[in-house]
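S.K.: structure for the following, please:
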Amino acid sequence: MSQTGRNLTDAVDGILKDKCDLIHDRDPLFTAEFLHMLGEAGVKSVKLPPRSPNLNAYAERFVRTIKESCLERMILFGEESLRIAVQSFVAHYHTERNHQGLSNQIINPEPDHIGNKGSVQRRQRLGGMLNYYYRNRSLSWCGNLALLRIDPQGAVASLLKLIITSAPLWGMSKATGIKPRAPSESATLGQS
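M.R.: Coordinates of the predicted model:
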């Protein structure tokens with residue numbers, strides 16, 4: 001635990017660098033040596049009263065969530081695989097997971113995924129254990145006078161409208177369907 005204390009209070013990249021207090025429960029892992037090391041770094045140890053999980057409810061809930069959703073479903077081989085799993089879950093938790101306490105909203109949603117009407121996409125994390133479904137930006141092409149927006153209801157109608165309004169650009173006649181090209185046109189088209 002003393003190495004953990006040194007890592008936490010490291011002056012360069014310690015997580016407790018420039019922090020005043022560390023609120024923790026009465027776990028026996030917080031030894032006198034560890035607490036002394038925190039005190040030397042200027043971090044005050046604040047112990048929660050015994051049997052009071054509601055005083056640390058946010059941390060308790062996060063630990064329960066990461067255990068149930070991630071860690072209990074994996075076989076971890078060493079510290080590196082644990083770090084990768086925790087980092088992937090934290091990214092999923094903050095940017096992809098709905099939270100009931102926030103009216104099923106995402107804490108920090110990606111701006112590209114808000115209000116899109118395109119096709120549904122899936123992002124997988126940890127081999128598909130954590131999934132995030134979102135709508136892609138709708139694809140749009142500018143034709144002569146039409147803008148095609150792919151959506152489940154109107155994709156075919158929009159595509160037909162684009163083909164009809166863009167027919168003169170493609171060398172097609174609205175009346176006959178296809179306008180024959182001159183031989184020189186087709187030869188130059190194949191070269192470009």
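S.K.: okay, the closest residue to Arg73 other than its chain neighbours: pLDDT?
M.R.: Leaving aside its sequence neighbours, Arg73 sits nearest to Met129 (Cβ to Cβ, 6 or more residues apart in numbering; 6.0 Å). Just so you know, the C-beta spots here come from the backbone N, C-alpha and C atoms, and that holds for glycine as well. The score at Met129 is 92. That number is its pLDDT.
S.K.: how close does Met129 sit to Lys67?
M.R.: Shown here: Met129 relative to Lys67, a distance of 13 Å by Cβ to Cβ, to the nearest Å.
S.K.: got it, and Glu33?
M.R.: 28 Å.
S.K.: list the contacts for Asp112?
M.R.: Residues in contact with Asp112 (Cβ atoms under 8 Å, 6 or more residues apart in numbering) are Arg137.
S.K.: what secondary structure does it sit in?
M.R.: Under DSSP: H, G, I helix; E, B strand; the rest coil, Asp112 falls in the helix class.
S.K.: for the chain, which spans come out with low pLDDT?
M.R.: Applying pLDDT under 70 to the chain picks out residues 138-192.
S.K.: what about 80?
M.R.: Residue ranges of the chain with pLDDT under 80: 1-7, 10-15, 53, 137-192.
S.K.: which parts of it are helices?
M.R.: Using DSSP state H, the helices found in the chain span residues 2-8, 32-40, 57-69, 79-95, 155-166, 183-191.
S.K.: coming back round to it: so what sits against both of Met129 and Lys67?
M.R.: By Cβ under 8 Å, 6+ apart, Met129 and Lys67 have no common neighbours.
S.K.: the two: which is more packed in?
M.R.: Neighbour count, other Cβ atoms under 10 Å: between Met129 and Lys67, Met129 has more, with 15 against 11.
S.K.: thanks a lot, see you next time.
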